[in-house]
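[1] structure for the following, please:
(one chain, ligands or ions: 1)
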Amino acid sequence: MPMHIETLSLIAAIQSLALAAMLWVGTQGSPGPARTSLKLRAAALAVESGGWWMLAMQAWMHPAQLVLGGNALNLLAQGMSVIALRMLLGVPLYWRAALAIGVVGWLGVGWFGVVQEDYRLRVLWGSIAILADIGLRMHALLNGEVRRRSRARLVLLALCVLSALLLAWRCGRLWFDLNPPTGIVQPDTVNYLYVLLSGMQPLFLSIGFLLLYSEVLQREMHLLARVDPLTGVKNRLALSEAATQMLAHAARMGRPLGVLMIDADHFKSVNDRFGHGGGDKVLLALVESIRRTLRAGNVIGRIGGEEFVVLAPDSSQEQVMVLAERIRATVETTPLAIDGHMLQLTVSIGAAAALPGERDVTGLLRRADAALYAAKRAGRNRVMAPDPQRPEPLPSSVVASL
Ligand SMILES: Nc1nc2c(ncn2[C@@H]2O[C@H](COP(=O)(O)OP(=O)(O)OP(=O)(O)O)[C@@H](O)[C@H]2O)c(=O)[nH]1
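    Predicted coordinates:
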């Protein structure tokens, strides 16, 4: 099939530019590393397109211009893509390494292209630089924050391997063929296939990048939907998931699970005194006080205005009472400085532990909730356990909807 390097390059240039425009314009979502990385990838595609344009227009250019300019744009685009991918995956950018690869790669290519002309060494040097960039990409894909069975990661890893194979194949043909081409624009199967396949790479890489971007956004949304925006602790949904999981685990292992239902006392008067903004600061300080008393493995979440739940794995009724008392005492003895005023807050706590083999989270939470209201009724600033005389306490609206 008749092919021209210039035509193939022109198609690759137009394709890269169209992809760059699509990524740039189509990037949505809140500002953050994920969006910045996509913009950077779009910019890299635009730069890469410049390299292809130069190759397509080589007839009007001095060979040294093509070698120095085309490779500069190509290596810059590779480095930008590496940084974009690493940013999207949440791993260290290694931008100095990417920059060093680009500079050393370009100097070597320039040396063997202009000073001491040797086409094979020039290609080998440039290929090693791009292989190093591929290495940085693979390192990010294998170490980044992606799901274990991420399709995007598989696609991008496969592309890395195929790109490396293409480079190795080209170098092999140049070094071991009897009649290898002596320039990139020379009509030769090696050149045709190399330009055709590497010209398609931007398209496949962008597809992998977009897949990864959508996975990252999904994960961010999943996390956001589970965090209480004011205090940063788990919200009702996340707490419900954690409680179900922990109770099932406890029942399976025959281990206890403790639950604390914590409610700030007379919080309305805090709001009345300091305003809603001051009340918010008190809630933040309260979460900090509670957190300081928790053990590793304990989980805290907010289920309502001034109501919090603590899940304490491996805690029997006696142990969860001790934890609750420690929290109560810490809050009581930790004065909070709010807008230049000192506030002495107290909390009431209902503490319950799962019955052996219990798998119904609602029942456990209801017992803790009933104990909390008993603590409130008994005068506040105290810890209460469920009343054994009332094994089936009345459901409360808070717990029923947790
Ligand atoms: N600042 C602030 N206040 C909140 C928030 N959510 C709920 N509240 C307030 O918390 C207060 C809860 O009042 P109540 O349910 O009457 O309870 P309380 O005053 O703490 O009294 P007891 O629980 O009976 O000791 C109300 O004034 C709510 O407006 C919030 O996110 N921020």
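
[2] what's the burial count for Ala132?
    19 (other Cβ atoms under 10 Å). C-beta coordinates here come from the backbone N, C-alpha and C atoms, glycine included.

[3] so which bits of the helix or strand containing it are buried?
    Using DSSP states H and E, Ala132 falls within helix 119-143. Across helix 119-143, burial judged by 16 or more other Cβ atoms under 10 Å covers 119, 121-127, 129-134, 136-141.

[4] who are the packing partners of it?
    Judged by 3 or more Cβ pairs under 8 Å, 6 or more residues apart in numbering; DSSP states H and E, the packing partners of helix 119-143 are helix 71-89, helix 95-110, helix 151-176.

[5] how about the host helix or strand of Val309, does it reach the ligand?
    Using DSSP H and E, Val309 maps to strand 307-313. No. Shown here: strand 307-313 not in contact with the ligand (Cβ under 6 Å from any ligand atom), separated by at least 8.4 Å.

[6] returning to what we had before: out of the helices and strands packed on helix 119-143, indicate the one that is most buried.
    Mean neighbours per residue, mean count of other Cβ atoms under 10 Å, is largest over the helices and strands packed on helix 119-143 for helix 71-89, with a mean of 24.

[7] all the strands of the protein, residue numbers only.
    Listed in chain order, the strands of the chain (DSSP state E) span 257-264, 299-302, 307-313, 336-338, 341-343, 347-353, 383-384.

[8] may I see the helices and strands packed on helix 119-143 arranged in a markdown table, with mean pLDDT and distance to Gln201 as well?
    Below are these laid out as a markdown table (pLDDT from 0 to 100; distance: least, Cβ to Cβ, whole Å):
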| stretch | mean pLDDT | distance to Gln201 |
| --- | --- | --- |
| helix 71-89 | 97 | 10 |
| helix 95-110 | 97 | 17 |
| helix 151-176 | 96 | 6 |
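
[9] what residues does the stretch 251-400 of the chain put near the ligand?
    263-268, 271, 276, 279-280, 283, 305-306, 376, 380.

[10] filter the residues you listed to the buried ones?
    The buried subset of these (16+ other Cβ under 10 Å) comprises Asp263, Ala264, Asp265, Phe267, Asn271, Gly279, Leu283, Glu306, Lys376.

[11] reformat these as a markdown table; add pLDDT.
    Shown next, in a markdown table, are those (pLDDT from 0 to 100):
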| residue | pLDDT |
| --- | --- |
| Asp263 | 98 |
| Ala264 | 97 |
| Asp265 | 97 |
| Phe267 | 96 |
| Asn271 | 95 |
| Gly279 | 94 |
| Leu283 | 96 |
| Glu306 | 95 |
| Lys376 | 97 |
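
[12] report the contact partners of Ile101.
    Residues in contact with Ile101, defined by Cβ atoms under 8 Å, 6 or more residues apart in numbering, are Leu75, Gln78, Gly79, Ala129, Ala132, Asp133, Leu136.

[13] how near is the nearest residue to the fifth one once chain neighbours are set aside to Leu85?
    Spelled out, it's Ala132. Using Cβ to Cβ, 6 or more residues apart in numbering and skipping the chain neighbours, the partner closest in space to Ala132 is Ile101 (4.6 Å). Using Cβ to Cβ, to the nearest Å, Ile101 is found at 14 Å from Leu85.

[14] ditto for Leu223
    Distance from Leu223 to Leu85, by Cβ to Cβ: 21 Å.

[15] quick one: residues contacting the residue in the stretch 151-300 of the chain positioned nearest to the ligand.
    Relative to the ligand, the nearest point of the stretch 151-300 of the chain is Gly279 (2.5 Å; Cβ to the nearest ligand atom). Residues in contact with Gly279 (Cβ under 8 Å, 6+ apart) are Phe267, Val270, Asn271.

[16] follow-up on the earlier one: could the contacts of Ile101 go into JSON lines alongside distance to the ligand?
    Shown next, in JSON lines, are those (distance: Cβ to the nearest ligand atom, whole Å):
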{"residue": "Leu75", "distance to the ligand": "53"}
{"residue": "Gln78", "distance to the ligand": "49"}
{"residue": "Gly79", "distance to the ligand": "47"}
{"residue": "Ala129", "distance to the ligand": "55"}
{"residue": "Ala132", "distance to the ligand": "52"}
{"residue": "Asp133", "distance to the ligand": "49"}
{"residue": "Leu136", "distance to the ligand": "45"}
